[in-house]
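> sequence and predicted model, in that order:
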Amino acid sequence: METVWAKIKYCPFWPARIVSTPLELGKVPKNKICVLFFGTKTFGFVHQDFVCDYVQNRTKYATKGRGSDFKNAVIRMDEFILDPVKFAANGSVKPVNHTIQVKRERAPIVKTENDINNVPFETSFVQCRSKTKNKSELPYNSKNVSDLKAQIEAAKNEKEKLVEELVATKDESQTMYFNFQSSQKMIATLQSERNELKEKCMEQNKVIAQLTKEKNQAQNKIKQLMANTHVKLCEEVESSVDLGRNKEYEVEAILSHSGRKGQRRFLIRWKNYSSNHDSWENESNLNCDEILNKYLHAKGLKK
């Protein structure tokens, strides 16, 4: 386990590499390990309990740190894991400082209103003289500083873009939420109207069923009345026909005749009836000898 996550008190887990302790730093404290922090190029003595494998815990700690230094440290560590030889050739594995920087833990200092310079964590530096004093070997030359500024500027631009996208997404989400609420209200209104129409239809169906029942009852009564009336009419007609057959009408006068003797027919005027009821009758149907004899005598006919 050479590449690790190392944690100093009041700081997040930081990408680091376990290295041999430089002679300038002296003896390593008990139960601690000397590590080189990526990105800051500083050494630190970290307790064994606060060191864990980098690859296995990358997903866990890579998103918890903040700031450009932390992102740069993760990038440098990934580059080192992919190609250690190329990374060492770039001079990024071991710092070549005029002074060696060491991070140490200190107890937190409570911040007061009168002293704004107090912070909960401080980084002390143990300065040791190095054999070389060449300025070109300093870790942060003008090129590195310009690159760092460019990275910071790019990070700011990316942050602004992310903020704009977040605001646009928020507005879109609010619009979608309002549309969803209006849709829910419309659905509730339509459902209530549907229920009202359903109730009205049920009531109308009940009324239609009742009217249909009454109609059927009326039709049955009409059929029954018609049947009874038909029977009565038939009986009355039959009785009247029977009465008409047996009834005798009285002759008022004989108006004319036709045919020869034995086949004569007479035009009869019936008593109490108008001329519209005059009819021709055979001589055998007449039962009025006195009127018939008078008519034959008057006409000079023989009986």
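It's in. All values reported here derive from a predicted model rather than from experimental measurement.
> and residue 82, what pLDDT?
Reported pLDDT at residue 82 in the predicted model: 85.
> ok, it - contacts?
Contact partners of residue 82, counting by Cβ atoms under 8 Å, 6 or more residues apart in numbering, are absent. The C-beta positions use only the backbone N, C-alpha and C, and glycine is treated the same way.
> roughly how far apart are it and residue 55?
Residue 82 sits 12 Å away from residue 55 when distances are taken as Cβ to Cβ, to the nearest Å.
> tell me the helices and strands packed up against the longest strand along the chain.
Of all the segments of type strand in the chain, defined by DSSP state E, the longest one is strand 251-258. Under the contact criterion of 3 or more Cβ pairs under 8 Å, 6 or more residues apart in numbering; DSSP states H and E, strand 251-258 touches strand 265-270, helix 289-299.
> that strand: how far from the chain's middle?
How far strand 251-258 lies from its chain's middle: 103 Å, per Cα atoms, centre = their mean, to the nearest Å.
> picking up where we left off before, now the helices and strands packed on strand 251-258 in a markdown table, with mean pLDDT and distance to residue 23?
Shown next, in a markdown table, are the helices and strands packed on strand 251-258 (pLDDT from 0 to 100; distance: least, Cβ to Cβ, whole Å):
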| stretch | mean pLDDT | distance to residue 23 |
| --- | --- | --- |
| strand 265-270 | 90 | 167 |
| helix 289-299 | 85 | 179 |
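> most tightly packed of these?
strand 265-270 (a mean of 18; mean count of other Cβ atoms under 10 Å).
> that strand pairs with which strands?
strand 251-258 (antiparallel), strand 279-282 (antiparallel) (DSSP bridges).
> could the helices and strands packed on strand 251-258 be laid out in TSV, adding distance to residue 15?
Below are the helices and strands packed on strand 251-258 laid out as TSV (distance: least, Cβ to Cβ, whole Å):
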stretch	distance to residue 15
strand 265-270	143
helix 289-299	154
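> which stretch among those comes nearest residue 229?
In terms of Cβ to Cβ, the element of the helices and strands packed on strand 251-258 nearest to residue 229 is strand 265-270, at 32.1 Å.
> what's that closest one in contact with?
By Cβ under 8 Å, 6+ apart, strand 265-270 touches 249-259, 275, 277-283, 286, 292, 295.
> swap in 10 Å and give it another go.
249-259, 275, 277-283, 285-286, 288, 291-292, 295-296 (Cβ atoms under 10 Å, 6 or more residues apart in numbering).
> tell me which residues touch the closest residue to residue 14 other than its chain neighbours, please.
Once flanking residues are discounted, residue 14 sits nearest to residue 37: 5.4 Å by Cβ to Cβ, 6 or more residues apart in numbering. By Cβ under 10 Å, 6+ apart, the contact set of residue 37 is 6, 8, 11, 14-17, 43-44, 46, 69, 73, 76-77, 95, 101, 103.
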